[in-house]
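In: mind looking at a prediction? Sequence and model below.
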Amino acid sequence: MVERAAPLLRRTKIVATLGPATDDPEVLAQMIRAGVDVVRLNASHGTVEDRRRRLAAVRAAAREADRCIGVLLDLSGPKIRIECFRDGRVQLSEGAPFTLDTTFDPKLGTAEVVGVAYKNLPQDVAAGDTLLLNDGQIVLDVERVTPTAIDTRVRVGGELSDRKGLNRQGGGISAPALAERDREDIRFAAGEGIDFVAVSFARDAADIEEARTLLRAAGGKAHIVAKVERHEAIDNLAGIIDAADIIMVARGDLGVEMGYAELTGLQKTIIHQTRTRNKVVITATQMMESMIQSPVPTRAEVSDVANAVIDGTDAVMLSAESATGRHPVKAVQAMAQVIEGAEKYQLSHSRERRRMVEGQFRGTEEAIAMAVMYTAHHMKVRAIVALTESGATPLWMSRMRSDIPVYAFTPHEATRRRVTLYRGVYPVIFDVKGPQDSTEALYRALFTRLLELQLVKKRDLVILTKGELSGVEGGTNSMQILKVTLD
């Protein structure tokens with residue numbers, strides 16, 4: 001199999017959520033051809049068997065397309081939800097009383113009262129608090145709290161349907177980040193070799209470490225994604241970034257808890273701080289929301305995606321647009337086009353010199369990566385080739401904004417899938433076991449592979465990074481400037 005890299009004009013990666021709209025094999029194949037790099041399985045919807053079926057389908061489609069596609073499992077977490085209404089939905093009027101009752105029949109909600117799935121909610125709420133339903137579209141003022149119920153008055157009304165989410169403005173819900181069903185899904189992720197596991201509603205670094213411990217105990221090697229969507233997560237942001245491998249700016253609940261006026265500034269801050277700490281960042285939620293119904297995005301959505309790209313996000317994500325929308329393929333195509341347009345205007349050559357100017361490198365791999373990027377921007381280098389076991393060196397390189405593609409040459413499928421999320425890094429199958437004893441043979445094999453994939457031309461300059469010992473993680477300790485030739 002010849003595994004092709006993602007389009008070179010697009011460095012920012014696309015994450016697309018799977019769902020009923022993607023279950024048609026031809027739709028999934030078209031989405032991959034349109035540019036999906038990572039797929040998301042949302043554990044909040046469907047069954048374990050649904051996720052297993054979709055995982056098998058995407059892996060089959062990736063093989064058919066000769067593409068490496070990463071898989072992200074998004075844990076449900078403690079999403080606080082109301083229960084169901086007798087008729088499926090109600091209309092809440094401004095000024096009307098409305099009660100949230102943890103003991104009420106979960107199927108018989110009315111416009112006056114509805115059940116709540118989270119039984120400890122009354123202990124987390126006090127009179128004077130503001131509660132928000134359905135991503136902030138319904139606003140309730142808390143007037144009285146009893147041990148089992150919360151009496152509110154509707155400040156902003158509207159239609160409310162079954163199982164909608166509930167937030168307390170300003171945060172403060174005490175539910176733990178990992179429920180029992182999340183532990184089951186972590187075991188599923190480990191058993192299926194999933195690449196990324198996202199922890200929903202993480203409050204602090206301890207939540208991330210708990211998920212990692214459970215995953216490793218189950219035999220999983222996935223990287224941990226911390227979804228920043230709680231007020232508490234903003235307070236503990238530095239610790240969460242350090243504990244996680246990847247940060248997701250989960251703008252839905254984050255906007256509800258923090259207030260939408262702060263959301264753009266928070267997004268930029270999270271992206272900057274994540275990249276400063278040499279971690280990966282995904283920007284998510286409602287990026288092209290109108291494309292659930294419309295075949296084209298709004299101008300505001302175009303600007304939203306473009307600004308995230310310009311700010312340096314590694315990836316942007318489609319949620320309902322691809323999972324349940326009417327135009328999943330067009331949504332991927334539109335996102336790819338917006339990314340490419342934004343990257344033309346990005347200040348990519350204003351390099352992030354934080355560790356090149358001050359401070360110390362954390363290790364040899366970071367030192368080599370920074371030296372490579374500095375050299376590449378001062379020579380006419382066509383490509384950077386990293387012989388890598390774990391993908392660590394390409395990750396360091398991807399923290400520097402650059403137009404120069406980084407190719408992660410590795411024999412390990414798990415590493416190839418992992419780097420699909422790194423901005424400007426492209427996976428390439430390459431097994432160094434054969435040529436490792438001869439430098440000349442190694443160069444010939446590298447050049448042959450690059451030319452075979454049409455990634456370079458003869459006599460182009462490339463930079464190669466590698467370690468002295470093949471098969472050793474963390475062993476990258478050299479860089480070389482080479483001219484592509486098979487003479």
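Out: Noted; the coordinates are in hand.
In: ok, which stretches of the stretch 151-300 of the chain are strands?
Out: Taking DSSP state E, counting those that start in this stretch as the criterion, the stretch 151-300 of the chain carries its strands at 158-161, 166-168, 196-199, 223-228, 246-250, 280-284.
In: bridged to I138, which residues?
Out: L133 (DSSP bridges).
In: mind listing what it touches?
Out: With contacts defined as CB atoms under 8 Å, 6 or more residues apart in numbering, I138 is in contact with 92, 132, 154, 156-158, 160, 164. No exception for glycine: its C-beta is placed from N, CA and C like everyone else's.
In: from R416, how far off is it?
Out: 45 Å (CB to CB, to the nearest Å).
In: so how far is the helix or strand where V428 lies off the chain centroid?
Out: V428 belongs to strand 425-429 when assigned by DSSP states H and E. The chain centre lies 19 Å from the centre of strand 425-429; the measure is CA atoms, centre = their mean, to the nearest Å.
In: any idea of the mean pLDDT in that strand?
Out: When pLDDT is averaged along strand 425-429, the result is 95.
In: could you give the angle of whichever helix or strand comes after it to strand 425-429?
Out: Next helix or strand after strand 425-429 toward the C-terminus (DSSP H and E): helix 439-452. With axes from the mean of the first three to the mean of the last three CA atoms, to 10 degrees defining the directions, helix 439-452 sits at 110 degrees from strand 425-429.
In: any idea what M479 is bridged to?
Out: Beta-bridge partners, per DSSP bridges, of M479: T465.
In: hmm, it is touching V462, no?
Out: No. Shown here, M479 and V462 do not form a contact pair, counting by CB atoms under 8 Å, at 10.8 Å.
In: looking at these two, which one has more neighbours?
Out: Shown here are M479 and V462; by other CB atoms under 10 Å, V462 has more neighbours (23 against 19).
In: what's K79 in contact with, if anything?
Out: Counting by CB under 8 Å, 6+ apart, K79 has contacts 44, 165, 200-201.
In: just V329 next, same as before
Out: 27, 30-31, 34.
In: most neighbours of all those residues, which one?
Out: Going by other CB under 10 Å, M31 tops these with 28 neighbours.
In: tell me the contacts of that one?
Out: Here M31 is in contact with 16, 22, 322, 328-329, 332 (CB under 8 Å, 6+ apart).
In: from these, list just the buried residues.
Out: 16, 22, 322, 328-329, 332 (16 or more other CB atoms under 10 Å).
In: those residues in helices, which ones?
Out: Cross-referencing the buried ones among the contacts of M31 against helices under DSSP state H gives 322, 328-329, 332.
In: related to what we said a few turns ago, quick one: which of the contacts of K79 is nearest to L75?
Out: Checking the contacts of K79 against L75 by CB to CB gives S200 as the nearest, at 5.3 Å.
In: for the residue positioned nearest the centre of the chain, give its distance to G220.
Out: Computing the C-alpha centroid of the chain and ranking residues by CA atoms, centre = their mean puts I282 first, at 4.1 Å. Distance, I282 to G220, by CB to CB: 19 Å.
In: and for E143?
Out: In terms of CB to CB, E143 sits 46 Å off from G220.
In: who's more crowded, these two?
Out: G220 (22 against 14).
In: that one contacts I194, doesn't it?
Out: Yes. The criterion here is CB under 8 Å, and G220 meets it with I194 at 7.3 Å.
In: low-confidence ranges, the chain, go.
Out: Within the chain, the segments meeting pLDDT under 70 span 1-9, 346-360, 432-437, 468-475.
In: how does it divide into domains?
Out: Under the assignment automatic domain parsing, the domains of the chain span 13-77+176-344, 89-168, 354-483.
In: nearest residue to E366 other than its sequence neighbours?
Out: Leaving aside its sequence neighbours, E366 sits nearest to W396 (CB to CB, 6 or more residues apart in numbering; 4.9 Å).
In: now do the same contact list for the one you found.
Out: Counting by CB under 8 Å, 6+ apart, W396 has contacts 278, 365-366, 368-370.
In: which ones among the residues you listed map onto strands?
Out: Using DSSP state E, no member of those sits in strands.
In: list buried residues within the contacts of K79.
Out: Looks like the contacts of K79 have 165, 200-201 buried, using 16+ other CB under 10 Å.
In: can you tell me which of these is nearest R63?
Out: Of these, the one sitting nearest to R63 (CB to CB) turns out to be S200, at 30.0 Å.
In: where's the closest one relative to L73, distance?
Out: 11 Å.
In: likewise V38?
Out: 11 Å.
In: equivalent analysis for R153, please.
Out: 40 Å.
In: looking at those two, which is more packed in?
Out: L73 (24 against 14).
In: which stretches of the stretch 301-450 of the chain form helices?
Out: 320-323, 328-345, 354-357, 364-376, 392-398, 413-418, 439-452 (DSSP state H, counting those that start in this stretch).
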